[in-house]
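K.L.:
sequence? don't have it. structure:
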């Protein structure tokens, strides 16, 4: 994974794990890699990997079974919550960026509708 210097690395890894959950690459109840394995996977310091797990536990995305590892929360609701949260982030960033470029909401909607027609209604 190539990291962006404008955002802390641990947050980028968390976002990647969340995206994997939303896309079904990681499922509810799945065991996550050990801290060391995660560090190797993302080529980061083990302390960074530990922070990732601490943060996703605080967010309720994962839990740790002492001596067994870290697992994705078993609630199916977590997938929908993450998907909605990530969609809201994308929309917020889009609107903010378009506002910075001077577009009104009506102009944004027109661009989206035009783009949708060009892409075949997706």
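P.N.:
Good, I have the coordinates. Please read all numbers here as calculations on a predicted model, not as lab measurements.
K.L.:
Please, where are all the strands along this structure?
P.N.:
62-65, 69-72 (DSSP state E).
K.L.:
Which residues does the first one contact?
P.N.:
Going back to what we said before, that points to strand 62-65. By Cβ atoms under 8 Å, 6 or more residues apart in numbering, the surrounding residues in contact with strand 62-65 are 32, 53, 56-57, 70-73. For every residue, glycine as well, the C-beta is placed using N, CA and C.
K.L.:
my read: residue 86 touches residue 21, true?
P.N.:
No - applying Cβ atoms under 8 Å as the test, residue 86 and residue 21 come out as separate, 9.8 Å apart.
K.L.:
before we move on, the earlier item: so which of the strands of the chain is the most packed in?
P.N.:
Across these, averaging neighbours per residue (mean count of other Cβ atoms under 10 Å) puts strand 69-72 on top, at a mean of 18.
K.L.:
can you give me the mean pLDDT across that strand?
P.N.:
For strand 69-72, mean pLDDT rounds to 96.
K.L.:
ok, now stretch 91-111?
P.N.:
95.
K.L.:
Name the residue closest to the centre of this protein, please.
P.N.:
Centrality entry for the chain: nearest residue to the mean C-alpha point is residue 15, 2.9 Å, by Cα atoms, centre = their mean.
K.L.:
Might you list the low-confidence residue ranges for this protein?
P.N.:
Where the chain drops to pLDDT under 70, the residues are 120-122.
K.L.:
hmm, back to that, kindly reformat the strands of the chain as CSV containing distance to residue 107.
P.N.:
Formatted as CSV, the strands of the chain follow (distance: least, Cβ to Cβ, whole Å):
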stretch, distance to residue 107
strand 62-65, 41
strand 69-72, 40
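K.L.:
what about the ones you listed, which gets the closest to residue 119?
P.N.:
Closest approach to residue 119 among the strands of the chain is made by strand 69-72 (32.6 Å; Cβ to Cβ).
K.L.:
contacting residues around the closest one?
P.N.:
Residues contacting strand 69-72 (Cβ under 8 Å, 6+ apart): 21, 26-32, 34, 53, 56-57, 61-65, 78.
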